[in-house]
Each structure stands twice: as structure tokens, then as C-alpha cells.
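structure of the sequence below:
(one chain, ligands or ions: 1)
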Amino acid sequence: MNTATKPEQTAVEHATYEDLCLYIDGEFIKGGGRKEQDVLNPATGQPIAKLPHATREDLDRALAAAARAFETWKKSSPLERAKILRKVGEMSRERAKDIGRNITLDMGKPIAEAIGEVMANSEHCDWHAEECRRIYGRVIPPRLPNVRQMVLREPIGVCAAFTPWNFPYNQAIRKICAAVGAGCTIVIKGPEDSPSAVVAIARMFHEAGLPPGVLNVVWGVPAEVSDYLIKSPIVRKVSFTGSVPVGKQLAALAAAHMKRVTMELGGHSPVVVFDDADIDRAADMLVAFKFRNAGQVCVSPTRFYIQEKAYDRFVARFIEKTNGIKVGSGLEEDTRMGPLAHYRRVPAIQSFIDDAKKRGAKIEIGGTQLGEVGNFFAPTVLTNVPEDSLVMTSEPFGPVAPCVPFKDIDEVLRRANSLPYGLSSYVFTTNTKNALAMQNGIEAGMVNINHFGQALAETPFGGIKDSGIGSEGGTETFDGYLTTKFVTQMD
Ligand code: NAD
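Okay, the predicted model is just below:
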């Protein structure tokens, strides 16, 4: 692992990194005495750029621009919207290397994962371009022959969106495509820790010909910006991706002002491996999936329930494969796991491990920070983990895999469903009865059986219980951005 800071590398980072700015009413804005914050490279801890914060006047201007633009954008043809969305999809693919490299610089993930994030999620542009042409209403048979009854679906209005740092391109493009495709306008606050991808997205929409004010990008202190935007009478809809506690705060604020919400919140996804599964294949797939993006994924597998007979074999294979993960700077080609996205995640992950250890868990591998430069953390496997330990009950959001045995299907379903989370879940079995019982019994928004197949543009992504409200992607994607109007007319 190479975590040393290289001065010459920092100079290159400065030269090629995104020119960070606000995007308001079709203008890219920075400077002017605005407060700025350092953006740090999590692999080196060094600043790579300065991010301007929006002033109160900037926020007001963004809101006013979004309100003004809505008056024309809501009447735009879906063909016009589709054309712009498609163009942005093409540009994203063309620019994926540069956008991906900048994500690696400000977020830390391996460059192949970062470019893959942009390439794969450019499809949201294509999907929303296609689906926006199918925002249908309906005609309801009337009770009288001279009456016509219709249901119209209309764009809800100005949206406020807040997106996190773990998938800076993916999380933002989904919300922007849904709003823009539905005929809404949007003010988005991206992740201040990893802002380059959101600025890159704004540039592409700008170049693709999106009218001024339809998309606006602001930065600042998250709680201050969200409080101001959500309370504004201009905003009609709030979309947030992030943690459960923050999601609950924002949803409560939105409810107080009677605003629609989409909430994509945290999870604590159970993995259930039955003893009839292909154990080696399951372990190999799960190691790759668990440590992707250093486990900083809302759908990361976080509780590993292995049926008793297969437990020892699974754990041995899982540890062996985890041991082979190369941790290092995301810019190095053979790196499989980069640093945690920012320093505050290091003590957060350590506290989960320390708590488990205190309660009698065994650290099979990892368990500590790596090196003294950057936020590197060792991929960690825990066994003998008590059910009430922090890592089994709160979302760890990091490279930690607690493995525990189970006896039978009723027991594992009860344990899998025992938490307030309900985002994703994973099952490995060759027995169709087990598969059916799990897909019917698991309380989760997504169930993956024998593979990982979620988060495609054409499939709905979202959680139940504390994990959120609403779905992104799939034919459901516009539901949160449209209102229903009933029209009845008599001759
Ligand atoms: P955090 O809860 O402070 O922040 C998480 C995200 O929410 C950040 O992008 C932050 O800018 C934003 N945020 C925080 N408070 C906000 C507010 N009042 N208004 C608007 N946005 C706000 O924690 P963190 O240390 O940055 O991240 C760790 C936790 O965040 C994890 O435990 C995980 O649960 C959650 N998280 C979830 C996702 C996801 O995809 N669901 C992504 C990133 C982080």
C-alpha cells in the first residue's frame, strides 16, 4: 500500500481537477468574497481545491430562477426534455474518464469504480429520456354520457435535492434526471466533501442546452442550506439521500410545510447464505461486493448470516479473499479498495469494531486504520459477534463484515427483519423453497437472490421502514415529481 503524499501529484491534481463553482440561473459563479471550504483528497489528506459556499442572496436567486424557469419548463414537450437528457447521457460517457478521475481525487474510490459509476449511471439519462415520453394520464368511464373524466399528471414544481458523497455522480444524476424529465426545476446541494461530479453534471446540462434556471447547484453548510430551501414557499418537493437521522429531520421539516418527499436513507442489509448454496462462489462474490467503495454504500451487505453447516467454510474463504484486497490510492491501477471518504469516517468505523470486540467478537482480519497518511482502513472481518453489538444494529457504512451462524429459515428471517432498516437484502441458495420464503418474508425494498442485480436505471431503487420513502429509477421514477389532477367536464 502506498499512502505517502507526493507533492508533484498534488500539483497535477490542482491542474486537472474540476473548476468548482455554483451554478445559478445558467451562470457558473465563484469568488466575489464568498466563503470557501477546502476540498481534501482522502488518500493524502491534502487540499485539492476550494469550494465556494452560496450566500443567502445566491440561494434566493437560485430559488427565484427555478420558479421562473418552471413556468416555461412545465409546458415543454417531453421530446425536448428527452433530447437534452440523451445528450447529457452521451456527454457523460465521453467525459467518464475525467469525471471519474476527479471523483477518485475528492472521494477516494478506485478509479475503475469511479469511471464505472459514471458509465453505468449515464443510463439514467437515457432511461428518463425514454420514460418522460410515457407520463400518461387516464380517462375514467363517466356515469353520464355527456361527461368526460380525465386524470392528468403534472410536474410538481420546484424541487430541492440533497445528495451525498459516496456516489457523487450517481446520486445527483438520478434526482436531476427525474426532476428535469418530469418537467420540474431543481435546486440541488451536492456533497461538499466530494463536489466535482455535480459541477461536471451542471456543465453538461448547460452545454446540452437546458434553459437557465431549470437546474441550479448550490453549496454550503448542509443543515443551513437544507433548512432554508425546504422552508421556502417556492419549493414543492424535497429529495434527500443520506443517513436515517438526517432523513428524518428533513422529512419532518418538509411535513411541517406539507411538501412531498423522496427519502433514500441508510440500510443494514442482511446476507443470508443457506448451506445448499455454492459456498465458494457466494463468498467470492460477497467479498467483492462488500468492500466495493470501502463499504460506503447504502446497500452494502452488512450482516452476514451463514447457515451452520456452511459457516466454517464460508468464513475461511471470505477471510482468504479479503486478505487479498489491495488497499491504496484510488489512482493506482491495482488498488481494489481506496481510503474512507473523509477523516470523520475513520473513528466512526473504529468505534463499531471496538464495541464488537468489547462484547466478545473476534477480529479475524483488519480492525484498524492503515498508515499515517490518508483515511485508509483495513478490510475487516468479525466473527462471534453478539446480536446486540453496534455493528449488528446500526448501519456501519464502512469496510466491516460481521459473520454469524444461523440454524433455520424461521430464525434467520426473524433476525434479518429485527431492525428498523429495510433497504436491501441478499440471499444465496439453490433451493427454490428457501428462495421463495425469503423473497416473501424479508422486509426490504430490494431482494437479490444468487446475484447482485439492483440499481439499474430500469428497476426501482428504494427502501421501506426507516430506509426511506419512494423509489428512484424504474417506471416509478417520476411518481414523486408529479401531481395528480382530476378533470371532469360536461357538455
Ligand atoms: P452525515 O449524516 O453528517 O451526512 C451524510 C450526508 O448527508 C452528507 O452528504 C451530508 O452533507 C448530508 N447532510 C447532513 N446533514 C444534512 C442536513 N441537515 N441537510 C442536508 N444534508 C445533510 O454523515 P457523514 O459522516 O457525512 O456520513 C455518514 C453517514 O451518512 C453514514 O452512516 C450513512 O448512514 C450516511 N450516508 C448514507 C448514504 C446513502 O446513500 N444512503 C450516503 C452517504 C452517507
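
next SSE after the longest helix anywhere in the chain?
Determined from DSSP state H, the single longest helix within the chain is helix 78-107. As assigned by DSSP states H and E, the chain's next helix or strand after helix 78-107 is helix 111-121.

then the helix or strand just after that following helix to PDB, C-alphas only?
Proceeding N to C from helix 111-121, the next assigned helix or strand is helix 123-131, under DSSP H and E. Once non-C-alpha atoms are left out, helix 123-131 reads as follows in PDB (Å, rounded to 0.1, in the frame of the first residue of the first chain):
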ATOM      1  CA  GLU A 123     -28.000   5.200 -18.400                       C
ATOM      2  CA  HIS A 124     -30.300   7.200 -16.000                       C
ATOM      3  CA  CYS A 125     -30.200  10.000 -18.700                       C
ATOM      4  CA  ASP A 126     -31.300   7.500 -21.400                       C
ATOM      5  CA  TRP A 127     -34.000   5.900 -19.200                       C
ATOM      6  CA  HIS A 128     -35.500   9.200 -18.100                       C
ATOM      7  CA  ALA A 129     -35.400  10.400 -21.700                       C
ATOM      8  CA  GLU A 130     -37.400   7.400 -22.700                       C
ATOM      9  CA  GLU A 131     -39.800   7.300 -19.800                       C
END
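
for helix 123-131, packing partners?
Using 3 or more C-beta pairs under 8 Å, 6 or more residues apart in numbering; DSSP states H and E, the elements in contact with helix 123-131 are helix 78-107, helix 168-182. C-beta: built from backbone N, CA, C; applies to glycine.

and the protein, which residues reach the ligand?
Proximity of the chain to the ligand, by C-beta under 6 Å from any ligand atom, involves residues 162, 164-166, 191, 222-223, 226, 241-243, 246, 250, 264-266, 298, 344, 395, 397.

where does this protein have low pLDDT?
Applying pLDDT under 70 to the chain flags the ranges 1-15.

in the chain, which residue is closest to the centre?
residue 171 (4.5 Å; C-alpha atoms, centre = their mean).

what sits against it?
Going by C-beta atoms under 8 Å, 6 or more residues apart in numbering, residue 171 touches 163, 164, 241, 264.

kindly supply the ChimeraX command isolating those of these that are buried.
Under the burial definition 16 or more other C-beta atoms under 10 Å, those of these that qualify are selected in ChimeraX by:
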select :163,164,241,264
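
which stretches of the stretch 301-450 of the chain form helices?
Secondary structure of the stretch 301-450 of the chain by DSSP state H, counting those that start in this stretch: the helices cover 308-323, 345-358, 390-393, 409-416, 432-441.

list the buried residues for the fourth one?
Residues of helix 409-416 classed as buried: 409, 412, 413, 415, 416 (neighbour count, 16+ other C-beta under 10 Å).

check contacts around residue 121.
92, 167, 169, 170, 173, 174, 457 are the contacts of residue 121 under C-beta under 8 Å, 6+ apart.

between those residues, which is closest to the ligand?
Closest approach between the contacts of residue 121 and the ligand, by C-beta to the nearest ligand atom: residue 167, at 7.0 Å.

with adjacent residues omitted, what lies nearest to the closest one?
residue 117 (5.7 Å; C-beta to C-beta, 6 or more residues apart in numbering).

what is the end-to-end distance of stretch 121-141?
Taking C-alpha to C-alpha, to the nearest Å, stretch 121-141 runs 40 Å from one end to the other.

what about residue 293, which SS state?
Classification of residue 293 using DSSP: H, G, I helix; E, B strand; the rest coil returns helix.

ok, how many other residues are close to it?
22 (other C-beta atoms under 10 Å).

I'd guessed it sits against residue 109; true?
Yes - when contacts are counted by C-beta atoms under 8 Å, residue 293 is listed as touching residue 109 (5.1 Å).

next one: phi and psi at residue 379?
Phi and psi for residue 379, reported as degrees, to the nearest 10, are phi -60, psi 130.

show me what contacts residue 302?
Applying C-beta under 8 Å, 6+ apart, the residues contacting residue 302 are 267, 268, 269, 270, 295, 391, 395, 396, 400, 401, 402.

excluding its backbone neighbours, what's nearest the second one?
So the one you mean is residue 268. Once flanking residues are discounted, residue 268 sits nearest to residue 421: 4.3 Å by C-beta to C-beta, 6+ apart.

and the one you found, how many residues sit next to it?
When counting by other C-beta under 10 Å, one arrives at 30 neighbours for residue 421.

for the closest residue in space to residue 349 that isn't next to it in sequence, grab the count of nearby residues.
Nearest non-adjacent residue to residue 349, counting by C-beta to C-beta, 6+ apart: residue 398, 3.9 Å away. Using other C-beta under 10 Å, residue 398 has 26 neighbouring residues.

roughly how far does the residue nearest to residue 434 when sequence neighbours are not counted sit from residue 40?
In this structure, residue 434 finds its nearest non-sequential neighbour in residue 274, 5.2 Å apart by C-beta to C-beta, 6+ apart. In this view, residue 274 and residue 40 are 44 Å apart by C-beta to C-beta, to the nearest Å.

residue 276 now?
Per C-beta to C-beta, residue 276 is found 47 Å from residue 40.

cool, residue 284 as well?
Residue 284 is 34 Å from residue 40, where distance means C-beta to C-beta.

those two: which is more packed in?
A side-by-side neighbour count of residue 284 and residue 40, using other C-beta under 10 Å, places residue 40 first with 22 against 15.

excluding chain neighbours, what is closest to that one?
Nearest non-adjacent residue to residue 40, counting by C-beta to C-beta, 6+ apart: residue 47, 5.7 Å away.

near that neighbour, how many other residues are there?
Residues within reach of residue 47, counting by other C-beta under 10 Å, total 14.

ok, now which ones touch it?
Listed by C-beta under 8 Å, 6+ apart, the contact partners of residue 47 are 38, 39, 40, 41.

got it, and residue 321?
Shown in contact with residue 321 (C-beta under 8 Å, 6+ apart): 283, 284, 287.

that one and the ligand, how far apart?
25 Å (C-beta to the nearest ligand atom, to the nearest Å).

please name the nearest non-neighbouring residue to residue 298.
Among residues not flanking residue 298 along the chain, residue 267 sits closest, at 5.3 Å (C-beta to C-beta, 6+ apart).

also residue 154?
Per C-beta to C-beta, 6+ apart, closest to residue 154 is residue 483, 5.2 Å.

using PDB, write out every CA atom in the helix or strand where the one you found lies.
Using DSSP H and E, residue 483 falls within strand 482-490. Output in PDB follows, covering the C-alpha atoms of strand 482-490 (Å, rounded to 0.1, in the frame of the first residue of the first chain):
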ATOM      1  CA  LEU A 482     -45.800  14.600 -10.500                       C
ATOM      2  CA  THR A 483     -49.100  15.700  -9.000                       C
ATOM      3  CA  THR A 484     -52.500  14.100  -9.900                       C
ATOM      4  CA  LYS A 485     -55.200  16.400 -11.200                       C
ATOM      5  CA  PHE A 486     -58.700  15.100 -11.800                       C
ATOM      6  CA  VAL A 487     -60.700  17.000 -14.500                       C
ATOM      7  CA  THR A 488     -64.400  16.400 -15.100                       C
ATOM      8  CA  GLN A 489     -66.200  18.200 -17.900                       C
ATOM      9  CA  MET A 490     -69.900  18.300 -19.000                       C
END
